[in-house]
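Q: Sequence and predicted structure are below.
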Amino acid sequence: MALSRIAVSSTHGEDSPYFAGWKAYDENPYHETTNPSGVIQMGLAENQVSFDLIENYLETHSQACSLLGINGGFRENALFQDYHGLKSFRQAMASFMEQIRGGRAKFDADRIVLTAGATAANELLTFILADSGDALLVPTPYYPGFDRDIRWRTGVNIVPIHCDISNNFQITPKALEAAYKNATSMNLRVRGVLITNPSNPLGVSIERSVLEQILDFVTRKNIHLVSDEIYSGSVFSSSEFTSIAEILEERNYKDCERVHIVYSLSKDLGLPGFRVGTIYSYNDKVVTTARRMSSFTLISSQTQHLLASMLSDKEFTSNYIETNRLRLKKRYETIIEGLRGAGIECLKGNAGLFCWMNLSPLLEKPTIEGELTLWNSILNEMKLNISPGSSCHCSEPGWFRVCFANMSEQTLEVALERIRNFMARQQN
């Protein structure tokens, strides 16, 4: 029987090596005692380094997760269905977003739209900003899931803004213009630019001057700018991150109606299972429409109550933010030093849950095919699932994203030992 075009579409991207590596891990997951020769998952950007802080908070604040002891109890939670979301939670989210940015940007709780994760937020924004057949410009390399989130159900095209190692993959005005011209040459109507700051997969925050150039570009072209800032609290030092919100504030919010920010608690707080995302738009019509559409992607009232309590506790959030930054930096330094000891260099990073590793010297041929051949060896011989750069649409073969925050220090050391042994065999 026939199915819809969306149902049979290949734009989901599940045939990518990015998802194939996950499948290999699922079929043979590493465990230090029961399966020590299994695949170690280094393709999942998940933050577990500070999970103990959240667990300790919940143990000492049991009322926060009790349906019987908060704001009217079970009845209010069970019957609440306002798609605006709880005001207390939106206020707590706005305050937390300000806190992460060191108070350098302000957020109005009435402009926050709640969604079930950043995936839903990015898709919802795409539905609002573009029609099927239109295009968004996205810098490469980019998160492989954008092929699903942005394209699959919306019918919107992604046109790459090609960035390379010559300037550490930073976005340039020349690259922006080239992508725009490429889109128009294909008769695609460009509706906006989507950036991730800090970058996934690079693990690098976007420089202030580059953000200003991007904002100037979208203003000139009269298009939108979506800034996905889900790793903003995972920058190793707060001073090394500039939010697009700061640039707007400096410009007295001129042309701000074209700017929209995506945020989530999946990365900074390590709560992907809670499915908490937000859209923050400076455009009144976008906020109104996003609220209407968010009825398809709501967050449970129990989750909102719990997180409103947690994020309103300034003592907890201050300690968490500072401790999490220090732990991520330490973990990053551990993997960078371990890789360097094995003869592998990485792009210098300052944020995120991963590093951008250069294995181009190991390629038999400097092509995507050569990269995937090496990736297959890493997955099947070394038993590590890492993400090849081609799955992130990187134009230079030989780069790989390696996640380091979703495992214990002991497992990370096992992974590094496997890498050292693999490199030793390559040199013999």
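A: Perfect, thanks for sending it.
Q: So His260: helix, strand or coil?
A: Recorded secondary structure, His260: strand (DSSP: H, G, I helix; E, B strand; the rest coil).
Q: That one and Ile279, how far apart?
A: Applying Cβ to Cβ, to the nearest Å, one obtains 6 Å for the distance of His260 from Ile279. C-beta: built from backbone N, CA, C; applies to glycine.
Q: Apart from its chain neighbours, what residue comes closest to His393?
A: Distances taken as Cβ to Cβ, 6 or more residues apart in numbering put Thr140 closest to His393, at 4.6 Å, once the chain neighbours are dropped.
Q: So that neighbour sits against Ile165, correct?
A: No. Applying Cβ atoms under 8 Å as the test, Thr140 and Ile165 come out as separate, 11.8 Å apart.
Q: who has more neighbours, the two?
A: When Thr140 and Ile165 are compared on other Cβ atoms under 10 Å, the one with more neighbours turns out to be Thr140, at 21 against 15.
Q: can you pull the contacts of that one?
A: With contacts defined as Cβ atoms under 8 Å, 6 or more residues apart in numbering, the neighbours of Thr140 are 160-163, 392-395.
Q: The same query, at a cut-off of 10 Å, please.
A: Applying Cβ atoms under 10 Å, 6 or more residues apart in numbering, one finds that Thr140 lies in contact with 158, 160-164, 169, 171, 175, 179, 201, 389, 392-396.
Q: Helices - which of the residues you listed land there?
A: Counting by DSSP state H, the members of the contacts of Thr140 that fall within helices are 175, 179.
Q: Leaving out sequence neighbours, find the closest residue to Ala290.
A: Of all residues not flanking Ala290 in the chain, Val113 sits nearest, at 4.2 Å (Cβ to Cβ, 6+ apart).
Q: Partner strands of the helix or strand harbouring that neighbour, with direction?
A: Secondary-structure element containing Val113, defined by DSSP states H and E: strand 112-115. The partner list of strand 112-115 in its sheet, established with DSSP bridges, is strand 277-281 (antiparallel).
Q: Go ahead and produce PDB holding the CA coordinates of the strand it pairs with.
A: What follows is strand 277-281, C-alpha atoms only, in PDB (Å, rounded to 0.1, in the frame of the first residue of the first chain):
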ATOM      1  CA  GLY A 277      13.900  22.800  24.600                       C
ATOM      2  CA  THR A 278      13.100  26.500  24.000                       C
ATOM      3  CA  ILE A 279      12.700  29.000  21.200                       C
ATOM      4  CA  TYR A 280      13.500  32.600  22.100                       C
ATOM      5  CA  SER A 281      12.400  34.900  19.300                       C
END
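Q: distance between it and the chain's centre?
A: Using Cα atoms, centre = their mean, to the nearest Å, we find the averaged C-alpha position of strand 277-281 to lie 14 Å away from the chain's own average C-alpha position.
Q: surely Ile378 meets Ile344?
A: No. Here Ile378 lies out of contact with Ile344, judged by Cβ atoms under 10 Å, at a distance of 11.7 Å.
Q: Could you list the buried residues of the strand or helix carrying Thr373?
A: With secondary structure defined by DSSP H and E, Thr373 is part of helix 368-377. If you call a residue buried by 16 or more other Cβ atoms under 10 Å, then helix 368-377 has these buried ones: 368, 370-372, 374-375.
Q: closest to Glu59 among the residues you listed?
A: Each of those was scored against Glu59 by Cβ to Cβ, and Trp375 proved nearest at 41.5 Å.
Q: Could I get the contacting residues of the closest residue in space to that closest one that isn't next to it in sequence?
A: Distances taken as Cβ to Cβ, 6+ apart place Pro388 nearest to Trp375, at 4.4 Å, with adjacent residues excluded. Taking Cβ under 10 Å, 6+ apart, we find Pro388 in contact with 16-18, 20-21, 43, 144, 359, 368, 371-372, 374-376, 378-379, 394, 397-401.
Q: For ChimeraX, write the selection for the buried entries among those residues.
A: Applied in ChimeraX, the following selects the buried portion of the contacts of Pro388 according to 16+ other Cβ under 10 Å:
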select :16,17,18,20,21,43,144,359,368,371,372,374,375,378,379,394,397,398,399,400,401
